[in-house]
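A.B. asks: pasting the sequence and the predicted model now:
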Amino acid sequence: MRIDLLEDTWERGVPHDQFAYLRREAPIHWHDVPDDTGFWAVTRYHDIRAISRDHHTWSTEAGSTFIRTPSPEEMAVARLMLLNMDPPKQTRYRRLVSAGFTPRMVGKLTEAIRARAARIADSVAEKGGEVEFVTDVAQHLPLQTICEMVGVPRSDQQMIFDWSNRMIGFQDPDFHTTSDDSDIAGGEMFLYCDKLVEDRRANPRDDILTVLVQAEVDGDRLTREEIDAFFVMLTVAGNETTRNLIAHAVLALIERPDVYQELAANLDDEDLWRSATEEFLRWGSSIHNFRRTAVRDTELHGQKIAEGEKVVTFYASANYDEKVFADPLTLDIRRAPNEHLTFGGGGPHFCLGAGLARAQITAMVRELLRRFPEAELTAPPRRMRSDFINGIKHMPVRFRL
């Protein structure tokens, strides 16, 4: 079988056939990359969990989260972000923002999330039920929630959405106009954050940006560049991932009317909604993969991996590992247990916003099903061209009142 796990493949769909072959025949597979260094593709669930928890062997700081090799200048900026730090540095910085994502804080936000989801669902009814789901529905709840937490005024939220699309969608021609548009978008977002930082220094507020402005790490204040990097990571990650998870959840239900109707008939069954949300998370893994770099010579399944080589862990494969998930290509809203790796394989890089994402997915899907007994696609959805983000960029939907 020809194995191709780069961006063009993902635009067509998740390559489940390739992953099934790799899990069975070559769980540690060398993958060439044109005009770049190749990587080891890791596809089995338990291997990915083990790598995620062993930062002494597998580093993000020594490489990057993305498959392709960044320039030295890009790597210097990347290392300002939590995703590209290793403990103990990563642990210290993570503490600065973790207070905003505890179960207690998410619990405080839950009512506001439900109210926002209800307003968004009402707006779908006002449009007669026919919407472009990504821009009319899926984008709004995560964008509004993370921007409020960080401290972005509502009038500026569309700019955050556009910048994040250009940054994350750098492999998709619909999201950039020039080859360096992603870098330009990042620079624009950094400059925007600088203005917010100056305001928070003069006028502290109850938001995460104020926490970053006032924070100290080992007695030192965060630099402007470090605050900018935190801001970009929180706004982009909080927007892109949850938006796509909501879109994948609704697409999965539309394609399975019986499951749609079962959930719609059990709106108050909290146990069912908890298990359904976990299945949506497994099904629509928002991040295809996460890259690390070997910091010493090692072996996996007898395959020698040299210091400095790239290792890419594919969550989109782990979440469909047949040795962990029975009948993985079936959407089972009652699946239990469901220890998916959508938020990472555990360890230091487990997603800070996991609880927040769960709350938003549940609220948005439930409010839609509360109002609309059925829905259908009015044209095929279009996927993002990206070997990192599992994105849906266009999805025309007609909800029936």
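C.D. replies: The structure has been received and is ready for your questions.
A.B. asks: buried residues in the longest helix that the chain contains?
C.D. replies: Longest helix in the chain by number of residues (criterion: DSSP state H): helix 224-254. The neighbour-count check on helix 224-254 (16 or more other Cβ atoms under 10 Å) flags 226-254 as buried. C-beta here means a position set from N, CA and C on the backbone, and glycine is covered the same way.
A.B. asks: pull the residues that contact stretch 63-74.
C.D. replies: For stretch 63-74, the external contacting residues (Cβ atoms under 8 Å, 6 or more residues apart in numbering) are 6, 33, 36-37, 39, 75, 78, 83-84, 183, 289-293, 310, 312, 387-388.
A.B. asks: now do the strands in the stretch 1-150 of the chain.
C.D. replies: Taking DSSP state E, counting those that start in this stretch as the criterion, the stretch 1-150 of the chain carries its strands at 28-31, 39-42, 58-59, 130-132.
A.B. asks: tabulate those (TSV), appending mean pLDDT and distance to L401.
C.D. replies: Conversion of the strands of the stretch 1-150 of the chain to TSV gives the following (pLDDT from 0 to 100; distance: least, Cβ to Cβ, whole Å):
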stretch	mean pLDDT	distance to L401
strand 28-31	98	48
strand 39-42	98	46
strand 58-59	96	51
strand 130-132	98	11
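A.B. asks: so which of those is nearest L267?
C.D. replies: strand 130-132 (20.9 Å; Cβ to Cβ).
A.B. asks: for that closest one, packing partners?
C.D. replies: strand 396-400 (3 or more Cβ pairs under 8 Å, 6 or more residues apart in numbering; DSSP states H and E).
A.B. asks: distance from the strand it packs on to the middle of the chain?
C.D. replies: Taking Cα atoms, centre = their mean, to the nearest Å, the mean C-alpha location of strand 396-400 is offset from the chain mean by 25 Å.
A.B. asks: now do the helix or strand where T293 lies: everything it contacts.
C.D. replies: In the assignment (DSSP states H and E), T293 maps to strand 289-294. By Cβ under 8 Å, 6+ apart, the surrounding residues in contact with strand 289-294 are 39, 51-52, 57-60, 62-67, 305-316, 344, 349, 387-388.
A.B. asks: after that strand, which helix or strand is next?
C.D. replies: Using DSSP H and E, the helix or strand that follows strand 289-294 in sequence is strand 298-300.
A.B. asks: partner strands of that next one and their direction?
C.D. replies: Looking at strand 298-300 with DSSP bridges, its partner strands are strand 303-305 (antiparallel).
A.B. asks: which strands or helices does the very next helix or strand once past the partner strand pack on?
C.D. replies: Remark: after strand 303-305, the chain's next helix or strand is strand 310-314, criterion DSSP H and E. Here strand 310-314 touches strand 39-42, helix 45-52, strand 289-294, going by 3+ Cβ pairs under 8 Å, 6+ apart.
A.B. asks: quick one, the second one and strand 289-294 angle?
C.D. replies: What separates the directions of helix 45-52 and strand 289-294 is an angle of 60 degrees, with axes from the mean of the first three to the mean of the last three Cα atoms, to 10 degrees.
A.B. asks: mind checking the pLDDT average for helix 45-52?
C.D. replies: When pLDDT is averaged over helix 45-52, the result is 97.
A.B. asks: pull out the buried positions in that helix.
C.D. replies: For helix 45-52, by 16+ other Cβ under 10 Å, it's 45, 47-52.
A.B. asks: can you list the residues you listed in CSV and add distance to Q139?
C.D. replies: Shown next, in CSV, are those (distance: Cβ to Cβ, whole Å):
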residue, distance to Q139
Y45, 31
D47, 34
I48, 29
R49, 31
A50, 35
I51, 32
S52, 29
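A.B. asks: tell me the one of the residues you listed nearest E374?
C.D. replies: For these, the nearest to E374 is Y45 (34.6 Å; Cβ to Cβ).
A.B. asks: wait, that closest one sits on Y315?
C.D. replies: No: the pair Y45 / Y315 is not scored as a contact, 9.4 Å apart, by Cβ atoms under 8 Å.
A.B. asks: contact partners for the residue nearest the centre of the chain?
C.D. replies: Geometric centre of the chain, nearest residue: T241, 3.0 Å, by Cα atoms, centre = their mean. Taking Cβ under 8 Å, 6+ apart, we find T241 in contact with 142, 286-287, 351, 353, 357, 389.
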